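1. 3D model of this:
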Amino acid sequence: MKLAALLEHHNKHSNVAGALSRSFGDGYLCANNRFYGRVRTQALEVGFKFSTDESDAYRALPLSQLDQILKSKTIPYTDNVTVLEMIEKKIPKQTTWDDLTDNLKANLVFHEGCHAFANAKLQGVDPSLRMLLEESYANACELLAIIDAEDQAHRIFLELNCYAFMIDDRVHLMNAAKDIGLSSLTRFMLLSYLHANYLRDAIDFDRVLKLSLDKPADTKTLKNLRQLSKIAFKLNPRFREVTARFYFKLHGLNVKLNTDFLSEIEGSKVAQNFLKVI
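-> Model (predicted):
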């Protein structure tokens, strides 16, 4: 796809409420992707703002700065639009997305926005559980956002603005959303990712269903959900283990990966309320 066409899509949506006009594709996604747009609204509602004033520490190692983001209520991002406009001006209608995709700096405001909202809503929950619920919410939202990615421009913008982009699972996720609703599917995938982030090998299916579904599902839907739960375990194993342990260590917390985290959720009104509002 030509850069000129993508810039046209970007500029058309640059004035969408809450959009970041200097983050490539952000306004388009706010307007056309239910998950991306909802997370932006959620982050703003809990008092977060966005800034291009990135620190050197964030540029060098974003993971190490999540706590600072949450404390300052400021999510950093890079202006990755101006350089594209310069390129297009210099060589009009000659540049394709393939020329740029491997080198353009991405923004992670979607992922960080999930952390922002979840952190605000989960205050009072055990810190180690809260951190992994935040991460699992971000994992689930990035996955489910592909449901709305119907055309090439949407897919390009979404892939650029996500850590993970698993378009091959889109049809199965769409079917599940029709069968049980987006809210139930969000809860189901969040809890599936939570099992993966706690380094489990599979989910406690019946308990997850009880926490997730608004109504009983038929046999065909349950079979599809079992398959979808396996997506969560496609997360890079080294990333899952090393990142979790590093993050706990960075915040002076004991690693509690062997805990019965579902019991903690089942017994927490705060966690239950969080699941209801996502």
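2. neighbours around the closest residue in space to Ala4 that isn't next to it in sequence, how many?
-> If the residues on either side of it in the chain are set aside, Ala4 comes closest to Lys93, at 4.9 Å by CB to CB, 6 or more residues apart in numbering. Where C-beta positions appear, they are placed from N, C-alpha and C, glycine not excepted. Neighbour count for Lys93, taken as other CB atoms under 10 Å: 10.
3. what secondary structure does Lys93 sit in?
-> coil (DSSP: H, G, I helix; E, B strand; the rest coil).
4. could you check the pLDDT of it?
-> Looking at Lys93, its pLDDT stands at 96.
5. list the buried residues of the helix or strand harbouring Asn175.
-> Assigned by DSSP states H and E, Asn175 belongs to helix 170-180. For helix 170-180, burial by neighbour count (16 or more other CB atoms under 10 Å) applies to Arg170, Leu173, Ala176, Ala177, Asp179, Ile180.
6. may I see the residues you listed arranged in a markdown table, with distance to Leu191 and pLDDT as well?
-> Below are the buried residues of helix 170-180 laid out as a markdown table (distance: CB to CB, whole Å; pLDDT from 0 to 100):
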| residue | distance to Leu191 | pLDDT |
| --- | --- | --- |
| Arg170 | 21 | 96 |
| Leu173 | 15 | 97 |
| Ala176 | 14 | 97 |
| Ala177 | 16 | 97 |
| Asp179 | 17 | 97 |
| Ile180 | 13 | 98 |
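7. nearest to Glu135, of these?
-> Distances from Glu135 to these, taken as CB to CB, are shortest for Leu173 (19.5 Å).
8. quick one: mean pLDDT for stretch 57-71?
-> Mean predicted confidence for stretch 57-71 is 90.
9. ditto for stretch 188-207
-> 96.
10. name the nearest residue to Gln272, ignoring sequence neighbours.
-> Excluding its sequence neighbours, the residue lying closest to Gln272 (CB to CB, 6+ apart) is Ile265, at 7.1 Å.
11. give the buried residues for the helix or strand the one you found falls within.
-> Using DSSP H and E, Ile265 falls within helix 261-266. For helix 261-266, burial by neighbour count (16+ other CB under 10 Å) applies to Phe261, Leu262, Glu264, Ile265.
12. now for that helix, which elements pack on it?
-> Here helix 261-266 touches helix 127-144, helix 205-212, helix 269-277, going by 3 or more CB pairs under 8 Å, 6 or more residues apart in numbering; DSSP states H and E.
13. can you give the contact residues for it?
-> 125-126, 129, 132, 191, 194, 198, 204, 207-208, 211, 271-272, 275 (CB atoms under 8 Å, 6 or more residues apart in numbering).
14. and Lys105, what does it touch?
-> For Lys105, the contacting residues are Thr78, Asn80, by CB under 8 Å, 6+ apart.
15. helices and strands of the chain: which one has the lowest mean pLDDT?
-> helix 237-250 (a mean of 73; mean pLDDT, DSSP states H and E).
16. and the helices in the stretch 51-200 of the chain, which stretches?
-> Under the criterion DSSP state H, counting those that start in this stretch, the stretch 51-200 of the chain contains helices at 56-60, 66-72, 82-90, 109-121, 127-144, 152-160, 170-180, 182-197.
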